[in-house]
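Student: Sequence and predicted structure below; questions after.
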Amino acid sequence: MAYRPGRRGDDSDEDSASSKSKKASAAKRSINEALKRALDLASNPGDGDEEPEVLAAPEVEVDPSKALPEDADADAEGAMDNPLPLSNMRERAKYIPLRLTYEERKTLRLVAAAIAVSDYTNIVDVQFKQRTRRQHTQLQQIVAFLTGLVSAIDYEQGQQVLHDRNFQPHEPMLRDALEIFRRYKIINPDKFRSEYGKLIYLLQDSLSEQVQPLLEISLHKPIRTVYALLEECNALALLDDPLISIATNEILHDKNKSRTKIQRDIKQKEQAAELLVRRYKTATLSSELIRQCLYSIGDNVSFLNANLKPVLDCIELLKEYFDPASHTAASSSSSASSSASSSSSSSYSLGIAEGRAGARLTHSHETQYHYVLQSLTLWANILEDMYRLWYLAEQELLNSTAMPYELKDTGQGLQRVQRAPRVFAAMHDLLVYTQRQLTLSSEGNVHTVSSGNQGYNRNWVGTSVVHLGDHNVPNALVFIDKYAQVSRILSPLMTTLRNLERLVEENSGLERYMQTYGGLRKAKQDILHDFFTHGFDGSGGDNFFDAGSCIDGRLTSAWHWCSQLAGKPFYPLFKLTGFASFDGEFDK
């Protein structure tokens, strides 16, 4: 059966029919024969294989609209019209993965262990002299991985697979196991960072036109979502119930709330969940499945609280400490008075100049303020829409037949460069949405910046170029991993500021130390000023052309600031609050 990208793994009728037709064929091809034939081709290259291989994609003009999977979800394709599918729960649930059950977690640990010991990308993503040698290596490594997985699940069946190399009887089980791992990764972006990349690339190769016909199975299964489960059970009305927002809300710690109020919120949440269970329980939708859906939506709420809240807090601090109107007033006061207290505010100008302190941009205080505000707002919108972007990214990555990748040196080693038109279109929608959002929020008082800036409107600071499918952001996987790191930058920064404030309140000795520094406000303002200037100055690129004010360059500059943190004069304040690293947790 020829594999069709994006085909659902549970279309058992067509799969079984195809399986019967294959079994009826007397000339059934086995994996051993395929491996032997591939090795023979590799050992005896043809006329066109003497030169070192350039693993380029076929020169085919692909229409992005026609590159969609034939049976892709129509709602997913139409979602481009709505850049933020969070306006209603029915739309939002289409991209929320189901929380894993207890039995699925056993399978998760098994797949995680199997992919952890695999060295697939290091073996496959290297230069080969002949294309057939790479295809043979791909097939060999995929077969080894699948054989080990089957053997770990059932030893006797694994022995049978070792003998006949026939994976067709295990195709549903393998699909389910790999889907469970992918689903868990989306729910927990910080987990299995390297393992997920290896698995996606392995799946990508297994679905290619060269390898998939030899395997004779498809390992791709779409992610199980809350919407898909409720649609199967004819219970989509659950998503429209007003109680669902109460039943899935996360009760966060708030020092302004009393213990009684927190307990009341928890009880109200539990009562709303039980009421939904009684209201929508049917013969096909059990109470356990309803709770699983509610827990899954709650996981999405927790993701937003953990990843989106630091960005919103950072925006509030930017407005509190560096608002252009306040800065203008402080500068006027400074020019009218010679006192040190009145001139201190002007020293916190966000203005940067190209060539000074590593900056590659030139902005006044007002322009830099809007540049940072626009960048943070765009990051917030991306994180709010992350589940949909991840859903589209997997469709692009596992659609290698219509969207083949090219293995090339991007300056950071060999990377799989692959176009991602759907993710690019979604990113474009988010960018336009952000521009409109900031224009409307200013209530007509938008400050016009340099007319030479490129973008979709005259108020956007910097360029609106989105790198995707080039040497900067090679493919959709790198894109997702890049923007999943936003909270890893801002969360430690916000945690440091909160811990600093808490420690000053609890420790009188530290309070005296902070007074010698200049006070808590000065410490916070020093940290934020340095981040908002040097974390958004266009630096961090490998060369001058890769740095600047493009959409991806903004995040590159922020990461570059993180790498320079140890040399900052306020770094001891970070260590004082328990900061370990941007990839680690805070010490207790």
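Tutor: In hand now; what should we look at?
Student: so where do the strands sit in the stretch 401-550 of the chain?
Tutor: 406-409, 414-417 (DSSP state E, counting those that start in this stretch).
Student: Let's have the ones you listed in a markdown table, adding distance to D429 and mean neighbour count.
Tutor: Using the backbone N, CA and C atoms, a C-beta is placed for each residue, glycine as well. Shown next, in a markdown table, are the strands of the stretch 401-550 of the chain (distance: least, CB to CB, whole Å; neighbours: other CB atoms under 10 Å):
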| stretch | distance to D429 | mean neighbour count |
| --- | --- | --- |
| strand 406-409 | 26 | 16 |
| strand 414-417 | 23 | 20 |
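Student: F128 reaches L407, doesn't it?
Tutor: No - counting by CB atoms under 8 Å, F128 does not reach L407; the two are 9.4 Å apart.
Student: could the strands of the stretch 401-550 of the chain go into a markdown table alongside mean pLDDT?
Tutor: A markdown table is the format used below for those (pLDDT from 0 to 100):
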| stretch | mean pLDDT |
| --- | --- |
| strand 406-409 | 90 |
| strand 414-417 | 92 |
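Student: Kindly state which of the ones you listed is positioned closest to E104.
Tutor: E104 lies closest, by CB to CB, to one member of the strands of the stretch 401-550 of the chain: strand 414-417, at 28.9 Å.
Student: Please name every helix or strand in contact with the closest one.
Tutor: Packing partners of strand 414-417 (3 or more CB pairs under 8 Å, 6 or more residues apart in numbering; DSSP states H and E): strand 406-409.
Student: Partner strands of the strand it packs on and their direction?
Tutor: Under the criterion DSSP bridges, strand 406-409 sits next to strand 414-417 (antiparallel) in its sheet.
Student: quick revisit: to I551, which of the strands of the stretch 401-550 of the chain lies closest?
Tutor: strand 414-417 (18.3 Å).
Student: Could you pull out the helices in the stretch 301-450 of the chain for me?
Tutor: 324-336, 340-343, 365-384, 386-397, 421-441 (DSSP state H, counting those that start in this stretch).
Student: Mind telling me which of those the model trusts least?
Tutor: Lowest mean pLDDT within the helices of the stretch 301-450 of the chain: helix 340-343, at a mean of 38.
Student: one step back: winner for burial among the helices of the stretch 301-450 of the chain?
Tutor: The highest mean neighbour count among the helices of the stretch 301-450 of the chain, using mean count of other CB atoms under 10 Å, belongs to helix 386-397: a mean of 24.
Student: residues making contact with that helix?
Tutor: Applying CB atoms under 8 Å, 6 or more residues apart in numbering, the contact partners of helix 386-397 are 6, 68-69, 72, 76, 79, 85, 94-97, 182, 186, 189, 200, 203-204, 223, 300, 303, 307, 382, 403, 418-423, 426-427, 475-477, 479-480, 483-484.
Student: From those residues, list the buried ones, please.
Tutor: Among those, the ones that count as buried by 16 or more other CB atoms under 10 Å are 6, 68-69, 72, 76, 79, 85, 94-97, 182, 186, 189, 200, 203-204, 223, 300, 303, 307, 382, 403, 418-423, 426-427, 475-477, 479-480, 483-484.
Student: Nearest to R109, out of the helices of the stretch 301-450 of the chain?
Tutor: Relative to R109, the nearest member of the helices of the stretch 301-450 of the chain by CB to CB is helix 386-397, separated by 21.7 Å.
Student: so L98 makes contact with C293?
Tutor: Yes - using CB under 8 Å, L98 is in contact with C293, at 7.3 Å.
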